[in-house]
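In: Sequence first, predicted coordinates after that:
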Amino acid sequence: MKPDCDLLVLGGGISGAGVALEAARRGLRVTLVEARDYAWGASSRSSKLVHGGLRYLQSGALHLTRESVQEREALLRELPGLVERIGFVMAHRRPFGPGRRTMQIGLRLYDHLAGRRARGWASNADIPWLVPGLATDDGASLYEDATTDDARLTLRVLQEARSLGAELHNHTTLTALQRDGRGQIRGATLRGPDGFERSVACRCIVSASGPWLGTVAALAGAAPPRLRPLRGSHLLLPLWRLPLARAVAWRHPEDGRPVFAYPWQGRLIVGTTDLDHPELGTEPRIQPEELRYLLAALAHSFPRAGVSAADVQCTWAGVRPVIASDKPVAPSQESREHLVWTQDGLVALAGGKLTTFRRMAQAALAAARPWLPTLPPPVHRDILPAHAPVAGVPLRWQGRWGALAGQAARGALIPGTTTRWGELRHSLLHEQVRHLDDLLLRRSRLGLLMPGFAADLLPALQPLCQETLGWSAEHFRQERDRYLALMTTTHGVPA
Ligand SMILES: Cc1cc2nc3c(=O)[nH]c(=O)nc-3n(C[C@H](O)[C@H](O)[C@H](O)COP(=O)(O)OP(=O)(O)OC[C@H]3O[C@@H](n4cnc5c(N)ncnc54)[C@H](O)[C@@H]3O)c2cc1C
C-alpha cells in the first residue's frame, strides 16, 4: 500500500523547515509536524545573526567557517530584506585576546572564504567617530556579518516548502512510532490540536526536534548521541538608550567570552550567555545572574552609558541543541557542528546553526537515502526557489514574504515598528495561528519590539482576531490573559 507521505519531518524549527523544503524540491511528498508552533524553539530565540563563525577559526574548525561563510553569502544574495549585512567593530580589550595581529590574520582568511574584502582596522583615536562611547585598549578590528529575523526566516522556508506541496501541521504531537514487519520505522501516531490521534504511514522519518532528540529516540527505543542543551539569553533595549549604528563585539571582562550589542529592527540586542540548561520541560527564561552578566558586559565597554536593568524592555532565552563532547569543557568550548544519526528508518538531525540550515538538510537527506532509494540528488544551486520581485513592494517585505509580498505588505504601519496591519491579517488567515503568542512572538515580533509586550495593541487586535479566526470575546480574553502571563514570566526582566 502506498504510504501517506514519503517523508515525515518532526520539528518546525529552521532545521525541520530546511529538510521539508529540500525534500519537497526533490519531488518527495512531505508532511511536517511541530509539537508547539513553528520556530517555537531556538529558531525564534537565537542571536539572529547569519554569521560565518569567526570564532570557530580559533578552534581550528576551518570547514565549519568555510561552510557558514558560503551560506551567509548565499542567504544575503537570495533574501535581501530578510538577511542583511551589518558591520562589526570588535573592540580589543586587555587582557583577553585575540590581539590585533592575530585577529587581522583571522579576518584575512574570513575575507578569503567569502571572496570579498571587508576587514579593516581602527585605532583608539578613530573609535569616537565609529562608535561613540566605546572603550578600547588597542583599537578595534572591523569586519562584516549579517542579521536576520530568525522566526520569519523559518516561516519563509516553510512557506516555500508548502508552495511545493509539503503539508504542515503545528501544535501536533508525536505520541508513538510504528515499525513494519522488518523492524523499520514506517509511521507515527500524531495528536492534533483538536486532541484527536491519527496514524501517518511514511517511508522515512527525519527528526529535527532540537534539544528534544532524546525524547523522540526514546519512542524508538534507541539511544542517540548525547546532547548538551545550552541556554543563551539576550536583552532588548530601546535603541535611543545606546544608539549604535553597527554591531559591536568584545570580550567579557569576567571570563573572556565574546559578547555583542547591535541594532535590530530599531532596537538594541545585547547577548549572549552560554550555560547548561538540563531542564527541558519548561520555557527557557533569563536568570538574574545572566542579567547581571550582560549588564556588566555593557558597563565594561560603554562605561558612560550607565545602562541598568530599568532600561531593558524585554528578554529572551533559547536552548542550543549542542552535541556533547563528554569532556570537562566550558559550554562555549563545545563544538557547534551538526550531527546526523540514523536508526531503522529514523534519521535525527541536531546541533548546527541557523545559518547552515540548507547544508544540514542536505546531510539529513543523504543519510535518509537507504529508506528513500529513488531520492534524486540536489539539482538546484540556490537555497530558496527564485521568485520574480513583486512590483512596487519594498525589499523588506519581498524578503519576508517572497511571492506573497503583494498580499501581505498592505495596510498602515503599526506605529514604532516596520510591521503592517496587512501582515497580521495575512498571518491570521493563512499561517495557522492558534494562540496570540504565535502571532505576536513568531509571525511578527511585536511582542518583543513594542513596549509592555505590545499590550496596548491588544484592543485593536481583538476585532481582527474575532473576524479572521472566529474567536468569541471570551476566547480573546482568555488568550490575552494567557499571552500576558507567558510574556511576563519568560520575556520579562528578572528581579
Ligand atoms: C541563544 C542562541 C543563540 C543562537 N544564535 C545563533 C546565531 O546568531 N546564528 C546562527 O546561525 N545560529 C544561532 N543559534 C543556533 C540556532 O538558533 C539553532 O541551531 C537552530 O535554531 C536550531 O534549530 P532546530 O530546528 O534544530 O531546533 P529548534 O528551533 O529548537 O526546533 C525544534 C522544534 O522541534 C519541536 N519538537 C520537539 N519535539 C518534537 C516532536 N516530538 N514532534 C514534533 N516537534 C517537536 C520543538 O517544539 C521545536 O519547535 C543560536 C541558538 C541559541 C539557543
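Out: Yep, it's here. Residues are numbered from 1 along each chain as shown.
In: For the residue in the stretch 51-200 of the chain positioned nearest to the ligand, which residues are in contact?
Out: When distances are taken as C-beta to the nearest ligand atom, the stretch 51-200 of the chain reaches nearest to the ligand at residue 174, 4.1 Å away. Where you see a C-beta, it was placed from the backbone N, CA and C, and this is true even at glycine. Residues in contact with residue 174 (C-beta atoms under 8 Å, 6 or more residues apart in numbering) are 10, 33, 35, 188, 189, 190, 216, 219.
In: among those, who's most crowded?
Out: Counting neighbours by other C-beta atoms under 10 Å, residue 10 leads the contacts of residue 174 with 28 neighbours.
In: separation between it and residue 325?
Out: As judged by C-beta to C-beta, to the nearest Å, residue 10 and residue 325 stand 25 Å apart.
In: repeat for residue 185
Out: For residue 185, the distance to residue 325 equals 28 Å [C-beta to C-beta].
In: the more surrounded of the two?
Out: Neighbour comparison, residue 185 and residue 325: the larger count goes to residue 185, with 23 against 12 (by other C-beta under 10 Å).
In: Show the backbone phi and psi for that one.
Out: Per-residue torsions, residue 185: phi -80, psi 120 (degrees, to the nearest 10).
In: Identify the bridge partners of it.
Out: Taking DSSP bridges as the rule, residue 185 bridges to residue 179.
In: At which residues are the strands of the stretch 301-450 of the chain located?
Out: Under the criterion DSSP state E, counting those that start in this stretch, the stretch 301-450 of the chain carries strands at the ranges 314-323, 338-343, 346-351.
In: same question, the stretch 51-200 of the chain
Out: Using DSSP E, counting those that start in this stretch, the strands of the stretch 51-200 of the chain run over 83-91, 120-122, 140-148, 167-169, 173-179, 185-191, 197-207.
In: out of those, nearest to residue 54?
Out: Nearest to residue 54, of all the strands of the stretch 51-200 of the chain, is strand 140-148, at 7.0 Å by C-beta to C-beta.
In: Name the residues of the stretch 351-495 of the chain found near the ligand, please.
Out: 352, 353, 354, 355 (C-beta under 6 Å from any ligand atom).
In: With the stretch 101-250 of the chain instead?
Out: Contact residues, the stretch 101-250 of the chain versus the ligand (C-beta under 6 Å from any ligand atom): 174, 208, 209, 210, 212, 216, 232.
In: Now tell me which helix or strand of this structure has the poorest mean pLDDT.
Out: In the chain, no helix or strand scores lower on mean pLDDT, DSSP states H and E than helix 54-58, which sits at a mean of 81.
In: Assign residue 248 to one of the three secondary structure states.
Out: At residue 248 the chain is in strand, as set by DSSP: H, G, I helix; E, B strand; the rest coil.
In: ok, it touching residue 263?
Out: No - counting by C-beta atoms under 8 Å, residue 248 sits too far from residue 263 to count as a contact (10.0 Å).
In: more neighbours, the two?
Out: residue 248 (26 against 18).
In: wait, what's in contact with that one?
Out: Going by C-beta under 8 Å, 6+ apart, residue 248 touches 88, 89, 90, 91, 131, 134, 260, 261, 262, 301.
In: and the fifth one, how many residues sit next to it?
Out: Spelled out, that is residue 131. Neighbourhood size, residue 131 [other C-beta under 10 Å]: 23.
In: looking at it, it is touching residue 89, isn't it?
Out: Yes - the criterion here is C-beta under 8 Å, and residue 131 meets it with residue 89 at 5.4 Å.
In: what do those two both touch?
Out: Shared contacts of residue 131 and residue 89, defined by C-beta under 8 Å, 6+ apart, comprise 140, 246, 248.
In: Just give the nearest non-adjacent residue to the second one, would you?
Out: This means residue 246. residue 87 (4.1 Å; C-beta to C-beta, 6 or more residues apart in numbering).
In: Now do the contacts for the one you found.
Out: Taking C-beta under 8 Å, 6+ apart, we find residue 87 in contact with 118, 142, 143, 144, 246, 247.
In: what do you get if the cut-off is 7 Å, keeping everything else the same?
Out: With contacts defined as C-beta atoms under 7 Å, 6 or more residues apart in numbering, residue 87 is in contact with 142, 144, 246, 247.
In: show me the contacts for the third one.
Out: Going by C-beta under 7 Å, 6+ apart, residue 246 touches 86, 87, 88, 89.
In: Before we move on, what's the pLDDT of the residue nearest to residue 241 when sequence neighbours are not counted?
Out: Excluding the flanking residues, the one nearest residue 241 by C-beta to C-beta, 6+ apart is residue 311, at 4.9 Å. At residue 311, the model reports a pLDDT of 98.
In: shift numbering so it begins at 32
Out: Done: numbering now begins at 32, and the last item shifts to residue 342.
In: And for residue 342, the neighbour number?
Out: Neighbours of residue 342 under the rule other C-beta under 10 Å: 18.
In: what's the answer for residue 124, then?
Out: Residue 124 is flanked by 19 other residues according to other C-beta under 10 Å.
In: Just give the closest residue to it, not the sequence neighbours.
Out: residue 168 (5.2 Å).
In: In contact with that neighbour, which residues are there?
Out: 123, 124, 125.
In: from these, which ones fall inside helices?
Out: Residues of the contacts of residue 168 located in helices (DSSP state H): none.
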